[in-house]
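A.B. asks: have a look at this fold, sequence not included:
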């Protein structure tokens, strides 16, 4: 009787799922609403530290998330040594004390009967100590007296720290410095070479690259139109994970960016190249970010939207596309030896902006310092920084405290020593904003290399400063996070006389 009831319940779930979602795939397919049928969360695993206890809960959500006999397994790859997977129904966990450092890539599988959902993960194991705030208490102050006190942190398995107020209230007139500053970048080293086995020059002139936020280790690239309307999922070593195509044309694709769209993250592709400045209109394409399959297959046709536009000052050449991660607003930066112009789309985006009825872009005040002939750029996933590069130079810009995304283009920025000397046209941040990746065209040499650089760790401090305006005892909690997602908190009080 129990088996019959369970079978009946499964059949009801299947019927309901089909009616509600009109799903096209029982392995992590997408519903008519654009929401995934099956997923394992979190999609990004926090880093572990070698020799230290690591426990990360996992949860499956989907058609069978109430089924107590779900089976979890490692479908491919390998967990770090001494880390094991355990599970019970829709819940599971990774636990143990890893004994080796490095990046461990693996795919988890959740199965019930003939159904299975697979999802790739990467767990980084670093040789570091736990993240802690070292300051134990803070001195008091007096109304009208200037106050300044540093807080320090050590440890963690990522690089760099981000500080925030987790609870409570600072004394009136005091602020916690969020350190919205450019980063110090290390040397670029070879990460890999883009796979040329597809032939036809499909990745012989890579002109854009961006990193997936929800699929760590996945990068999206496209050719400079010679291979047609196609884009590719690759890894940092240059291996092709999947090839995609669009039912359109490719006049001059110059850059690719990741940003929010209807239903989740989307890829934005700029068909904006115009070396002779003669195009009466150009377009940006928006594609819902695909879920990369565990094994590469034949080319997949992806859905897309098109947004046609004109520049208010007439045609111009452009090779840099950026997207505000908060609003999904596309920005275009001119390629010119003079001061480049910056334009953004009016929002919301509309498919009513066609080739015959393009929208006029909005010019952004761009009074900052720019290198000449910009060929690519990217915004960090938190929207606090952006990187712009030319053939041999690059510059990073930090958003001023309280400023808008537009304000980034009014900053002086900081020069980044980047790989150059060839025709480099693509640059991006990693999913956590702590690595830079750049690649060049095959035409410049025998291979198409990908180079990467890590951000140096900061000083591990923040400042509470200002002039208190009211007496009292103020209780609050400070949180510090590193780039790997580790966090630490500490409760403080400041007495203002």
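C.D. replies: Yep, it's here. What you see is a predicted model; the values in this text were computed from it and never measured.

A.B. asks: can I see the domain layout of the protein?
C.D. replies: Per automatic domain parsing, the structural domains of the chain span 23-126, 132-178+458-496, 189-454.

A.B. asks: and the second one, how far out from the chain middle?
C.D. replies: In other words, domain 132-178+458-496. 27 Å (CA atoms, centre = their mean, to the nearest Å).

A.B. asks: just stretch 81-89 next, same as before
C.D. replies: Put simply, stretch 81-89 sits 27 Å off its chain's centre (CA atoms, centre = their mean).

A.B. asks: tabulate the domains of the chain in a markdown table, adding columns for mean neighbour count.
C.D. replies: C-beta here means a position set from N, CA and C on the backbone, and glycine is covered the same way. Formatted as a markdown table, the domains of the chain follow (neighbours: other CB atoms under 10 Å):
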| stretch | mean neighbour count |
| --- | --- |
| domain 23-126 | 17 |
| domain 132-178+458-496 | 17 |
| domain 189-454 | 19 |
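
A.B. asks: possible to save those as CSV with mean pLDDT?
C.D. replies: As requested, these are arranged in CSV below (pLDDT from 0 to 100):
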stretch, mean pLDDT
domain 23-126, 84
domain 132-178+458-496, 84
domain 189-454, 92
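
A.B. asks: report the contact partners of the residue nearest to residue 231 when sequence neighbours are not counted.
C.D. replies: Excluding its sequence neighbours, the residue lying closest to residue 231 (CB to CB, 6 or more residues apart in numbering) is residue 222, at 4.3 Å. Residue 222 is in contact with 206-208, 230-232, 253, 256, 269, counting by CB atoms under 8 Å, 6 or more residues apart in numbering.

A.B. asks: check residue 260 too.
C.D. replies: So residue 260 contacts 266, 325-328 (CB under 8 Å, 6+ apart).

A.B. asks: taking the residues you listed one by one, which sit in strands?
C.D. replies: residue 266 (DSSP state E).

A.B. asks: save the contacts of residue 260 as CSV, and put in distance to residue 183 too.
C.D. replies: Output for the contacts of residue 260, formatted as CSV (distance: CB to CB, whole Å):
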residue, distance to residue 183
266, 26
325, 17
326, 20
327, 23
328, 25
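
A.B. asks: for residue 376, state which of the contacts of residue 260 is nearest.
C.D. replies: residue 325 (17.1 Å; CB to CB).

A.B. asks: excluding residues flanking it in the chain, which one is nearest that closest one?
C.D. replies: Of all residues apart from its sequence neighbours, residue 383 sits closest to residue 325 (CB to CB, 6+ apart), at 4.4 Å.

A.B. asks: starting from residue 199, give me the distance back to the one you found.
C.D. replies: Taking CB to CB, to the nearest Å as the measure, residue 383 falls 38 Å from residue 199.

A.B. asks: got it, and residue 445?
C.D. replies: Taken as CB to CB, the span from residue 445 to residue 199 is 18 Å.

A.B. asks: ok, back up a step: possible to save the contacts of residue 222 as a markdown table with distance to residue 145?
C.D. replies: Below are those laid out as a markdown table (distance: CB to CB, whole Å):
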| residue | distance to residue 145 |
| --- | --- |
| 206 | 57 |
| 207 | 56 |
| 208 | 53 |
| 230 | 64 |
| 231 | 58 |
| 232 | 60 |
| 253 | 59 |
| 256 | 52 |
| 269 | 55 |
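
A.B. asks: list the contacts of residue 351.
C.D. replies: 305-307.

A.B. asks: which one of those residues is nearest to residue 79?
C.D. replies: residue 305 (39.5 Å).

A.B. asks: for the closest one, give the beta-bridge partners.
C.D. replies: Beta bridges link residue 305 to residue 286 when assigned by DSSP bridges.

A.B. asks: likewise residue 211?
C.D. replies: Counting by DSSP bridges, residue 211 forms beta bridges with residue 219.

A.B. asks: hmm, it is touching residue 433, no?
C.D. replies: No. Contact between residue 211 and residue 433 fails when scored by CB atoms under 8 Å: they sit 9.3 Å apart.

A.B. asks: and residue 80, how far from residue 440?
C.D. replies: Distance from residue 80 to residue 440, by CB to CB: 33 Å.

A.B. asks: now swap in residue 390 and tell me
C.D. replies: 13 Å.

A.B. asks: can you give me the strands for the stretch 1-150 of the chain?
C.D. replies: 39-41, 48-49, 54-61, 71-77, 83-88, 91-96, 102-112, 115-126, 132-133, 147-154 (DSSP state E, counting those that start in this stretch).

A.B. asks: typo on my end, it should be the stretch 201-350 of the chain
C.D. replies: 206-211, 219-223, 230-234, 240-246, 253-261, 264-271, 282-288, 300-302, 305-310, 318-323, 330-334, 342-344.

A.B. asks: export the ones you listed as TSV, with columns for distance to residue 98.
C.D. replies: Formatted as TSV, the strands of the stretch 201-350 of the chain follow (distance: least, CB to CB, whole Å):
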stretch	distance to residue 98
strand 206-211	24
strand 219-223	26
strand 230-234	27
strand 240-246	26
strand 253-261	30
strand 264-271	30
strand 282-288	35
strand 300-302	35
strand 305-310	43
strand 318-323	36
strand 330-334	41
strand 342-344	45
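
A.B. asks: compare the ones you listed and give me the one nearest residue 421.
C.D. replies: Smallest distance to residue 421 across the strands of the stretch 201-350 of the chain (CB to CB): 16.5 Å, for strand 206-211.

A.B. asks: having no further points to raise, I will conclude here.
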